[in-house]
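**Q** Take a look and give me a structure for this.
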Amino acid sequence: MNFSLIFQTLVTGLAIGGIYSLMAVGYSLIFSILNFSNFAYGMVIMLASFMGYFAMSKLHVGMGVALFLAMIGAGALSFFNERVAYSSLRKRHAPPLYFMISAMGTAIFLENMVYATIGSQYNAYPQIFEVPTVTIFGASLGKMDLFAIVFSVIAIYGLNYFIQHTRTGISIRAASYDSTVAEINGVNLGAVIGLVFVLAGLFAGISGVFLGIKYMAYPNMGWITNKAYVAAVIGGLGSLPGAVVGGIILGVLESFVSVYVSSTLRDVFSFGTLIIFLVFMPSGLFGKYLEEKV
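**A** The predicted model follows:
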């Protein structure tokens, strides 16, 4: 048994899983409040990837500054996405299906806008590290993979601390449990929803830059985030711990399948796992079954 290869595959899987977790957290945050799957979120991630790319390649800033700019830009874009596409539906108490249709329309619009303005080409980020790998226990590990793991852990821990230990976080938790009761007890639901979309956008900024560095920035990369949706479903839509666990499970699974089975069968295993969970555990590992959620 080649321990170094197993270790290298595990680290790669954890890095991919960390990115999936960041994206899945954004899906779960929005789902926990508005009870629908925001399929436009993938396009916010795609645009964040382009923001990071242009910041590094055109403005010639470092990765830290590019990451910050992408987070701010994606946070603002996510906020305006809610205000333009969902706010009026929410005020009219539209069913979740209407939100999902609006989200699909927004996703198609944003993707085609990028095709029309930027083009369809693949854009590679500038090289981050002069020496991209480091050897640990005989395994050649990508420095970017290690950085993605560490940064993902810090970001998710920070969000969890905010949700669990601040008054605003308590308001978000209350609204996710029962928005009507929370509003009766003085929670400004509109402000909370806006903040949730901003938080989801910040995580879209982080994952968008990491995805761009790993796979390049291109217009239809937003559909890669289908994997994050799979991770969110595995963990349980609306559950932040579930999003993290689901992302790690999916990332590690894909990594080992690519190395030990076939990279062409990676998606077969990923979506096969989704089908298994939908059949036997439709609410995921940590989710709660609610019929009205779409």
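
**Q** Poorly predicted segments of the stretch 51-200 of the chain, please.
**A** Under the criterion pLDDT under 70, no range of the stretch 51-200 of the chain is flagged.

**Q** Which parts of it are helices?
**A** Ranges of helices in the stretch 51-200 of the chain, per DSSP state H, counting those that start in this stretch, are 63-81, 87-91, 96-117, 143-165, 167-177, 179-184, 189-215.

**Q** so which of the ones you listed comes closest to D267?
**A** Closest to D267 of those is helix 189-215 (CB to CB; 14.2 Å). (Each C-beta comes from the backbone N, C-alpha and C, glycine too.)

**Q** what angle do the closest one and helix 63-81 make?
**A** Helix 189-215 and helix 63-81 are oriented at 140 degrees to each other (axes from the mean of the first three to the mean of the last three CA atoms, to 10 degrees).

**Q** What's the first helix or strand after helix 189-215?
**A** Downstream of helix 189-215, the first helix or strand assigned by DSSP states H and E is helix 226-235.

**Q** following that following helix, which helix or strand comes up?
**A** Defined by DSSP H and E, the subsequent element after helix 226-235 is helix 240-260.

**Q** residues touching T166, list them.
**A** By CB atoms under 8 Å, 6 or more residues apart in numbering, no residues touch T166.

**Q** same deal with G284?
**A** 232-237, 239, 242, 246, 277.

**Q** and with 10 Å instead?
**A** 28, 231-239, 242-243, 245-246, 277-278 (CB atoms under 10 Å, 6 or more residues apart in numbering).

**Q** State the number of residues packed around the nearest residue to it once chain neighbours are set aside.
**A** Of all residues not flanking G284 in the chain, G236 sits nearest, at 3.1 Å (CB to CB, 6 or more residues apart in numbering). Using other CB atoms under 10 Å, G236 has 25 neighbouring residues.

**Q** ok now do G236, which residues does it touch?
**A** 28, 31, 242-243, 245-246, 277, 281-289 are the contacts of G236 under CB under 10 Å, 6+ apart.

**Q** what's the spacing between it and I184?
**A** 27 Å (CB to CB, to the nearest Å).

**Q** how about TSV for the helices of the stretch 51-200 of the chain, with mean neighbour count and distance to S37 added?
**A** Converted to TSV, the helices of the stretch 51-200 of the chain look like this (neighbours: other CB atoms under 10 Å; distance: least, CB to CB, whole Å):
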stretch	mean neighbour count	distance to S37
helix 63-81	21	14
helix 87-91	14	14
helix 96-117	16	6
helix 143-165	16	20
helix 167-177	16	15
helix 179-184	14	17
helix 189-215	24	12
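
**Q** Can you add distance to S49 and give those helices back as TSV?
**A** What follows is the helices of the stretch 51-200 of the chain, written out as TSV (distance: least, CB to CB, whole Å):
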stretch	distance to S49
helix 63-81	8
helix 87-91	26
helix 96-117	10
helix 143-165	14
helix 167-177	27
helix 179-184	32
helix 189-215	4
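
**Q** Ok, which of those helices comes nearest G13?
**A** Of the helices of the stretch 51-200 of the chain, nearest to G13 by CB to CB is helix 143-165, at 9.4 Å.

**Q** CA atoms of that closest one as CSV?
**A** This file holds the C-alpha atoms of helix 143-165, laid out as CSV (Å, rounded to 0.1, in the frame of the first residue of the first chain):
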residue,chain,number,x,y,z
LYS,A,143,0.6,24.6,-1.4
MET,A,144,-2.7,26.0,-2.8
ASP,A,145,-4.5,22.9,-1.6
LEU,A,146,-3.0,23.3,1.9
PHE,A,147,-3.9,27.0,1.9
ALA,A,148,-7.5,26.2,0.8
ILE,A,149,-7.9,23.7,3.6
VAL,A,150,-6.7,26.1,6.3
PHE,A,151,-8.6,29.1,5.0
SER,A,152,-11.8,27.1,4.6
VAL,A,153,-11.6,25.9,8.2
ILE,A,154,-11.0,29.5,9.5
ALA,A,155,-13.8,30.9,7.4
ILE,A,156,-16.4,28.3,8.4
TYR,A,157,-15.3,28.5,12.1
GLY,A,158,-15.7,32.3,11.9
LEU,A,159,-19.2,32.0,10.5
ASN,A,160,-20.2,29.4,13.1
TYR,A,161,-18.9,31.6,15.9
PHE,A,162,-20.9,34.5,14.5
ILE,A,163,-24.1,32.5,14.1
GLN,A,164,-23.8,31.0,17.6
HIS,A,165,-22.4,33.8,19.8
